[in-house]
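> Coordinates for the following, if possible.
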Amino acid sequence: MEQLLTSDFWLGMTIKIIRLAAIAIGGSLVLRFTNLLIEQFFIPKPGSKTIYLEEQRARTLSGLLHSVIRYTIYFFVIVMLLQEFKIDTTSIVAGAGIIGLALGVGAQSLIKDFVTGFFIILEDQYGVGDYIVISDMAGTVEEIGFRVTRLRDANGILHIVPNGSITKVSNYTRGHMQAIVNVPVPYEADMEQVFSLLNAVCVTIGQTAPEVIDGPSVLGVVDLKPGEIVIRIIAKTVPLQQIKVETALRRLIREKFTEAKIPPPQLFNQAGLPEIRVSKAGG
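Take a look at the predicted model:
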C-alpha cells in the first residue's frame with residue numbers, strides 16, 4: 001500500500017500508460033497509412049500515374065492486402081504490449097512460426113489455389129460474365145475467388161474449379177471473334193456470277209447485322225474437292241456472336257443461290273465416284 005503512495009510508482013505507471021498508448025496509437029497510424037497507400041495504389045485518382053485496375057479486381061486485391069496487413073500489425077502490437085508487461089514473447093513468436101510452417105506444409109494445395117487466384121485477378125485473365133474454357137469445361141464465369149472459380153455451363157451445371165488446378169484458359173469474350181463460312185460451289189457454275197452474289201450477300205449482312213464489326217468479305221477459293229469448289233467468307237464479330245453471323249450468311253447465300261438457280265455440288269463417295277441421288281415418290 002505504501003508503494004502506491006510513492007511518486008516513483010505513479011511516475012512509472014504514467015510512463016507505462018504512455019508507452020502502451022504510444023504502441024496502440026502507433027499501430028493504428030501505421031495501419032491507416034498502409035491502407036491509404038493501398039487505396040492510392042489500386043484505385044488512383046483521375047490523372048494519376050499509378051497503376052489502374054478495373055474496379056472489381058482493385059477491390060478484391062485491396063481487400064486481401066488490407067486483411068493481411070491488418071492482422072500482421074495486430075500481431076506485432078499484441079507482442080509489444082505483452083513485452084511491456086514483462087511477458088516473455090519468445091515462445092509466442094516461435095510458436096507462431098511453427099504453426100505457420102505446419103499450415104504451409106499441410107495446406108500446400110490451398111496456398112497454391114490462393115496464389116493462382118491472386119494472379120488470375122491481378123492479370124485479368126478473365127472476369128465475371130466471360131465465356132471461358134478450362135480443360136474440358138466450358139461456360140460463363142459466375143464468380144472469381146482467390147481459391148475457386150465458379151463456372152456455369154450451357155446445361156446450367158455449376159462447376160467449382162480450384163484455381164490451383166487451372167493451367168490453361170481460353171477466353172472467348174476478349175476482343176473480336178471471327179465468323180467463317182465455307183461455300184461449296186459446283187465446277188459448272190458461273191464463277192463470276194457466284195462471286196457477284198457472294199459479294200452482295202456480304203454487303204447486305206454487313207449493313208444489317210449489328211454483330212458484325214468488320215466485313216463480311218469474300219476471301220476467295222480455299223479448296224478444290226471432287227465435285228465442288230470451296231469459297232470462304234470471313235467476318236469480324238463481337239464476342240460470342242460469330243455463330244449468329246454465320247447462320248445469317250448461310251441463309252442468305254441459300255436464298256440467292258436458289259434465285260439464281262445455281263445447282264448444289266455433286267456428291268462423291270469414298271471411291272471418288274459420283275453418287276446417284278434417288279428421290280422417293282410419295283410419303
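
> what residue ranges in the stretch 101-250 of the chain score low on pLDDT?
Along the stretch 101-250 of the chain, segments meeting pLDDT under 70 span 101-108.

> Run through the helices of it in chain order.
In the stretch 101-250 of the chain, the helices defined using DSSP state H, counting those that start in this stretch lie at 108-122, 191-208, 242-259.

> so what secondary structure elements neighbour the first one?
Contact here means 3 or more Cβ pairs under 8 Å, 6 or more residues apart in numbering; DSSP states H and E; on that basis helix 108-122 packs against helix 55-84, strand 137-144, strand 148-152. (Each C-beta comes from the backbone N, C-alpha and C, glycine too.)

> what's in contact with the shortest one?
Around strand 148-152, the neighbours that count as contacts under Cβ atoms under 8 Å, 6 or more residues apart in numbering are 113, 117, 120, 132, 134, 137, 139-144, 158-163, 166.

> Give the rounded mean pLDDT of the longest helix anywhere in the chain.
Using DSSP state H, we find that the single longest helix of the chain is helix 7-42. Computed over helix 7-42, the mean pLDDT rounds to 77.

> what's that helix packed up against?
Under the contact rule (3+ Cβ pairs under 8 Å, 6+ apart), helix 7-42 is packed against helix 55-84.

> May I see the helices of the stretch 101-250 of the chain organised as TSV, with distance to Leu36 and mean neighbour count added?
Below are the helices of the stretch 101-250 of the chain laid out as TSV (distance: least, Cβ to Cβ, whole Å; neighbours: other Cβ atoms under 10 Å):
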stretch	distance to Leu36	mean neighbour count
helix 108-122	21	16
helix 191-208	52	16
helix 242-259	46	16
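
> Quick one: these as CSV, columns for distance to Ser217 too.
Shown next, in CSV, are those (distance: least, Cβ to Cβ, whole Å):
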stretch, distance to Ser217
helix 108-122, 36
helix 191-208, 6
helix 242-259, 11
